[in-house]
Each structure stands twice: as C-alpha cells, then as structure tokens.
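J.: turn this into a structure:
(one chain, ligands or ions: 1)
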Amino acid sequence: MSFFKKIFSKEKKETLDKGLEKTKTNFFDKLSKAVAGKSKVDDDVLDNLEEVLVASDVGVNTTLKIIERIEARVAKDKYVGTEELNKILREEIAGLLSETNLGNETEFKIPEIPNDVNGNKMPYVLMVVGVNGVGKTTTIGKLASQFKKQGLKVVLGAADTFRAAAIDQLQVWADRTDVPIISQEMGSDPASVAFDTLTSAVKQGADVVIIDTAGRLHNKVNLMNELTKIKRVMQKVVADAPHDVLLVLDGSTGQNAFEQAKQFTKATEVTSLAVTKLDGTAKGGVVIGISDQFKIPVKYIGVGEGIEDLQVFNKHEFVDSFFK
Ligand SMILES: Nc1nc2c(ncn2[C@@H]2O[C@H](COP(=O)(O)OP(=O)(O)OP(=O)(O)O)[C@@H](O)[C@H]2O)c(=O)[nH]1
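T.: Okay, here's the model as predicted:
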C-alpha cells in the first residue's frame with residue numbers, strides 16, 4: 001500500500017469512527033444495560049438485546065435474524081458469558097452483511113462505458129433520486145468533487161425543476177467543484193433538462209453525468225411517470241442510460257428511510273443507495289438493516305457536511321468501526 005493510500009485510509013477511518021460515534025455510544029450504553037447483572041446469555045438478555053437492536057434502527061426483520069443466529073449459537077455452546085456477547089454480535093452482523101457480495105468497494109470508481117456505434121465517447125450516467133432534504137444535492141456535489149479529483153470530466157444536470165431552490169443549490173455545488181451544469185428555468189420539463197445535459201456531455205466528451213431529480217413521493221404515479229420519461233429520453237442520447245439509479249436516504253430518519261426505500265423501489269428500479277447524515281444521529285444501525293433487507297448495495301454513506309465526508313460504503317470497515 002502506498003504511503004498516501006495509507007494516510008487516506010487512516011483519515012477515512014477517523015472520519016468514519018467520528019461519524020458513527022453517536023450510534024456507537026448509544027448502542028453500547030444500551031447493550032451494557034441489557035446485560036447488567038447477568039453472567040450468561042439467557043432469554044432475558046436476548047429479549048433485551050432485541051430491544052436494543054430495534055431501538056438502534058436495525059429494523060425488525062434484520063433484528064430477528066440476528067437474534068435467531070445468536071440463539072442458535074447459545075444453544076450450541078450451552079454457556080455463553082455476557083462478556084462474549086459483543087464478539088458474537090460483531091461476528092453475526094458481519095456474517096449477515098457478508099451473505100451478499102455487496103458493500104465490498106473501497107474507492108470511488110465508475111465502470112468504463114463503451115463508445116456508441118459511431119465511435120463517440122459515451123459518459124457514465126448516474127441518476128439521483130430521493131425526497132427533498134435528505135441530502136441529495138450535497139451528495140451530488142460530493143460525488144462530483146470525488147470524480148473530478150480522479151481527473152474525470154463531470155457534468156451536472158439540474159432536472160429537479162420543481163423548485164427554484166433545487167436548481168440554485170446544485171448551481172452552488174457546480175461552482176464550488178468547478179463542474180459544468182446544465183439547467184433550465186423552474187417548471188420546465190425534467191426530461192428535457194436530462195436530454196440537454198446528456199447531449200452536452202457527449203459533445204464535451206465527458207466521463208460522468210450526474211442528474212438530479214425531484215422526488216415527490218406523495219404522488220407515486222407522477223413520480224414513476226416522471227422518472228420513466230427521464231430515462232426514456234436520456235436513452236435517445238446514451239443507449240443504456242442511466243447506468244446507476246442512486247437513491248439517497250437520510251439515515252437520521254431511521255425507519256422512515258426504510259419506508260422511502262420501499263416506496264422508491266416500487267416507483268423505479270433503484271440500483272444503489274446512499275445513506276446520509278449518519279454523523280448527527282444514533283440511528284446508524286439503519287445501514288445494517290437496509291443492506292440486509294433491500295439487497296441493493298449501499299454504495300455511499302454521508303458522515304458529515306464537508307465535501308470530503310462522503311465515503312464509499314465498505315461493510316468490513318463499517319463493522320470494524322462500529323465495534324471498535
Ligand atoms: N451532518 C450531515 N449533514 C448532511 C449530510 N449530507 C447532507 N447534509 C446536510 O443536509 C442538508 C440537506 O441537504 P441537501 O443536499 O440540501 O438536501 P436535498 O435532498 O438536496 O434537499 P433539497 O435541496 O431541499 O432538495 C444540508 O444542510 C446538508 O449540508 C451528512 O452526511 N451529514
């Protein structure tokens with residue numbers, strides 16, 4: 001490993017540790033109360049553990065899976081001391097997350113997109129969905145910055161034309177990261193903005209296009225129609241666009257994030273997830289539950305407001321940081 005990579009990894013780890021601090025403190029405080037006065041893991045301890053996991057927003061289904069596995073181990077080993085519970089829990093959570101090959105990435109990277117039939121360079125198209133306020137714009141800005149740092153040519157598309165503020169906020173990030181942005185006035189057709197963005201990106205020979213969209217969940221049919229139309233129109237320019245549909249979820253909303261994931265996956269095909277605002281919350285367990293339940297990769301996690309505070313989600317790093 002290079003010297004710089006080592007430094008970066010150390011910084012990444014520190015940010016992750018700091019970002020998960022609230023979740024961790026809350027979780028381990030509750031866990032120690034759950035085993036207080038007990039020397040072995042019995043039904044009482046398991047009941048308490050179940051409550052702790054649910055209270056940490058791991059989600060009911062995933063909690064039940066974890067409890068079942070611990071029960072099986074306790075039954076097998078006959079006597080499991082409460083001091084071992086931490087270790088067992090860590091192993092079972094890591095095991096659960098390892099059952100899919102998701103969450104193994106360590107770096108921001110995008111696949112190469114083949115040229116079109118005429119030999120034109122095609123960009124990687126990332127469409128970003130999610131309700132207002134979850135950190136969508138910030139995540140787009142942070143991603144643009146990461147890709148640009150790798151020397152990639154990035155273009156942003158302001159296809160959330162529902163609110164003027166959304167266009168303005170994306171413009172702020174475009175200025176901050178010095179990345180071109182394609183926008184039209186508020187109220188214009190989002191599909192038209194997406195079309196313009198892709199056309200411009202192809203003309204510029206761009207590597208990555210990030211399209212912001214409006215996420216109005218209160219009308220699922222409209223949302224579905226809008227996203228379907230954006231996709232259809234984009235495909236007139238880049239045949240297999242979008243290559244990734246990233247749903248941004250606010251981790252601090254806990255179970256609400258699960259609910260949004262359910263709604264969006266019904267409205268469109270979501271291919272990856274970003275869970276933001278983990279730093280300000282004790283609900284970080286939501287990442288474990290969401291990874292387990294949706295079988296859609298959590299690709300990115302937000303652990304702060306700064307441009308560097310978006311991390312590629314790696315389940316091993318996450319579990320390590322959580323149980324440290
Ligand atoms: N602490 C923390 N704050 C974050 C994170 N990600 C985003 N935020 C903040 O969350 C707030 C909302 O983020 P936006 O990016 O504006 O959210 P949005 O989903 O685009 O919402 P609209 O702009 O209202 O559509 C901003 O104040 C961000 O700085 C994160 O990982 N940690």
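J.: give me the residue from this structure nearest the ligand.
T.: Scanning the chain for proximity to the ligand using Cβ to the nearest ligand atom identifies residue 302 as nearest, at 2.4 Å. The way it works is simple: take the backbone N, C-alpha and C, and place the C-beta from them, glycine included.
J.: that residue touches residue 138, doesn't it?
T.: Yes: between residue 302 and residue 138 there is a contact at 7.2 Å, judged by Cβ atoms under 8 Å.
J.: okay, these two: which has more neighbours?
T.: When residue 302 is set against residue 138 and neighbours are counted by other Cβ atoms under 10 Å, the residue ahead is residue 302, at 27 against 20.
J.: just read off the phi/psi values of the residue nearest to that one when sequence neighbours are not counted.
T.: Among residues not flanking residue 302 along the chain, residue 276 sits closest, at 3.4 Å (Cβ to Cβ, 6 or more residues apart in numbering). The main-chain torsion angles of residue 276 are listed as degrees, to the nearest 10 and equal phi -100, psi 170.
J.: report how many residues lie close to residue 73.
T.: By the measure other Cβ under 10 Å, the count of residues near residue 73 is 15.
J.: local confidence estimate at it?
T.: According to the predicted model, the pLDDT of residue 73 comes to 88.
J.: residues contacting the helix or strand that contains it, please?
T.: When secondary structure is defined by DSSP states H and E, residue 73 falls within helix 60-77. With Cβ atoms under 8 Å, 6 or more residues apart in numbering as the contact definition, helix 60-77 has outside contacts at 41, 46, 49-50, 53-54, 58, 80, 85, 88-89, 92-93, 95-96, 288-289, 292-293.
J.: then stretch 298-313?
T.: Contacts made with stretch 298-313 from outside it, assessed by Cβ under 8 Å, 6+ apart, are listed as 12, 15-16, 18-20, 102-103, 105-108, 135, 138-139, 141-143, 145-146, 176-177, 246, 251, 272-279, 287, 290-291, 297, 318.
J.: now do the buried residues in the helix or strand where residue 172 lies.
T.: Element membership of residue 172, judged by DSSP H and E, is helix 164-177. By neighbour count on 16 or more other Cβ atoms under 10 Å, the buried set for helix 164-177 is 166, 167, 169, 170, 173, 174, 177.
J.: chain center to stretch 111-118: distance?
T.: 27 Å (Cα atoms, centre = their mean, to the nearest Å).
J.: how about it as CSV, C-alpha atoms only?
T.: Coordinates of the C-alpha atoms in stretch 111-118 are reproduced here as CSV (Å, rounded to 0.1, in the frame of the first residue of the first chain):
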residue,chain,number,x,y,z
PRO,A,111,-17.1,1.4,-14.9
GLU,A,112,-15.9,2.2,-18.4
ILE,A,113,-18.7,2.8,-20.8
PRO,A,114,-18.2,1.6,-24.4
ASN,A,115,-18.3,4.1,-27.3
ASP,A,116,-21.5,4.2,-29.3
VAL,A,117,-21.8,2.7,-32.8
ASN,A,118,-20.3,5.8,-34.4
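J.: which residues does it contact?
T.: Residues from elsewhere that reach stretch 111-118, judged by Cβ under 8 Å, 6+ apart: 121, 122, 123, 124, 238, 239, 240, 243.
J.: could you rerun that using 10 Å?
T.: Stretch 111-118 is contacted from outside by 121-125, 202, 207-208, 237-241, 243-244, using Cβ atoms under 10 Å, 6 or more residues apart in numbering.
J.: tell me which residues of it are tucked away?
T.: Buried positions in stretch 111-118, judged by neighbour count with 16+ other Cβ under 10 Å: residue 113.
J.: that one - what's its average pLDDT?
T.: Predicted confidence along stretch 111-118 averages 92 (mean pLDDT).
J.: looking at this, residue 113 is in a strand?
T.: No: with DSSP: H, G, I helix; E, B strand; the rest coil as the criterion, residue 113 is assigned coil and is not in a strand.
J.: torsion angles phi and psi at it?
T.: Residue torsions, per degrees, to the nearest 10, at residue 113 are phi -100, psi 130.
J.: also residue 107?
T.: Backbone dihedrals for residue 107, given as degrees, to the nearest 10, come out at phi -130, psi 150.
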